[in-house]
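K.L.:
sequence unknown, structure follows:
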Ligand SMILES: Nc1ncnc2c1ncn2[C@@H]1O[C@H](COP(=O)(O)OP(=O)(O)OP(=O)(O)O)[C@@H](O)[C@H]1O
């Protein structure tokens with residue numbers, strides 16, 4: 001039996017609309033599921049069901065009202081619902097990675113260095129980090145003449161792939177995948193699918209959102225229908 005990396009229990013979430021006299025908007029009630037090492041679990045359900053909200057709570061961007069989000073790292077278990085901001089930041093460095101399509105650009109740093117930076121953070125020497133970054137950028141079809149340039153002037157798709165390269169360069173035990181293949185062409189989508197397969201094989205637990213049904217069918221070991229956790233509201 002593989003190790004349980006993520007355990008969500010009885011999770012509840014309301015948004016508070018401060019501009020509308022603190023109106024409470026309950027969106028999720030009693031969410032519960034688990035993700036094990038080496039599997040890719042996909043959050044399913046229609047638009048508005050709460051997939052992004054759930055992923056953002058697991059990354060610590062949104063606070064939950066009640067329930068548990070237990071992350072296992074080594075022999076430690078941390079509940080993200082009650083964790084301090086400092087603990088959440090530490091978990092993001094050590095255990096929880098987030099791969100999205102949006103590049104948080106750092107000015108004047110080359111694409112190669114942006115990716116190598118992540119490998120260095122994971123303890124690789126400068127030389128190995130550069131090699132790994134070059135391999136990853138090559139795999140993701142970023143033309144070599146761009147590697148030495150900051151991605152600010154890259155096309156949208158090129159920037160997206162640099163961000164994906166950074167996301168997969170980390171060695172986190174839990175990877176949250178927020179539509180990483182959205183708007184990629186077929187060849188690059190296939191590269192991302194291969195990166196996900198590699199991570200499954202090395203025991204990474206992954207939880208993701210994939211709107212494209214074909215991609216979802218290819219990556220998902222299980223699909224969790226988030227509709228069952230959504231708070232039903234009168235029309
Ligand atoms: N920051 C927010 N403030 C208020 N309500 C929000 C906020 N974020 C999400 N919601 C509401 O929470 C519900 C779930 O939204 P969420 O974005 O999680 O759905 P989703 O399943 O990811 O949808 P989609 O597939 O369209 O991205 C929706 O009713 C949405 O309006």
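P.N.:
On my side now, so go ahead. Just so you know, these numbers come straight off a predicted model, no measurement behind them.
K.L.:
could you pull out the helices for the protein?
P.N.:
51-58, 85-94, 111-121, 126-139, 156-169, 186-201, 213-219 (DSSP state H).
K.L.:
contacting residues for the residue nearest in space to the middle of the chain?
P.N.:
Nearest to the centroid of the C-alpha atoms of the chain, with distances taken as Cα atoms, centre = their mean, sits residue 176, at 2.3 Å. Contacts for residue 176 were tallied using Cβ atoms under 8 Å, 6 or more residues apart in numbering; they are 55, 58-59, 96-99, 206-208. (Each C-beta comes from the backbone N, C-alpha and C, glycine too.)
K.L.:
that one bridge partners, please.
P.N.:
Each beta-bridge partner of residue 176 is listed here, defined by DSSP bridges: residue 98, residue 207.
K.L.:
any idea how far it lies from residue 80?
P.N.:
Residue 176 sits at a distance of 12 Å from residue 80 (criterion: Cβ to Cβ, to the nearest Å).
K.L.:
please enumerate the shared neighbours of these two.
P.N.:
Between them, residue 176 and residue 80 have residue 58 as joint contacts when contacts are counted by Cβ under 8 Å, 6+ apart.
K.L.:
among the contacts of residue 176, find the lowest-pLDDT one for me.
P.N.:
Taking pLDDT as the measure, those have their low point at residue 99 (89).
K.L.:
leaving out sequence neighbours, find the closest residue to it.
P.N.:
Closest residue to residue 99 apart from its sequence neighbours, by Cβ to Cβ, 6 or more residues apart in numbering: residue 167 at 3.1 Å.
K.L.:
OK, contacts around that neighbour?
P.N.:
Residue 167 makes contact with 97-100, 175, 180, according to Cβ under 8 Å, 6+ apart.
K.L.:
how about those residues in CSV, adding neighbour count?
P.N.:
Below are the contacts of residue 167 laid out as CSV (neighbours: other Cβ atoms under 10 Å):
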residue, neighbour count
97, 23
98, 20
99, 24
100, 19
175, 25
180, 28
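K.L.:
and which of those is nearest to the ligand?
P.N.:
In terms of Cβ to the nearest ligand atom, no member of the contacts of residue 167 lies closer to the ligand than residue 100, at 12.2 Å.
K.L.:
could you check how far the closest residue to the closest one other than its chain neighbours is from the ligand?
P.N.:
With Cβ to Cβ, 6+ apart as the measure, residue 178 is the residue that lies nearest to residue 100, at 4.1 Å, once sequence neighbours are left out. In this view, residue 178 and the ligand are 9 Å apart by Cβ to the nearest ligand atom, to the nearest Å.
K.L.:
spit out the contact partners of residue 178.
P.N.:
Contacts for residue 178 were tallied using Cβ under 8 Å, 6+ apart; they are 52, 55, 98-101, 208-209.
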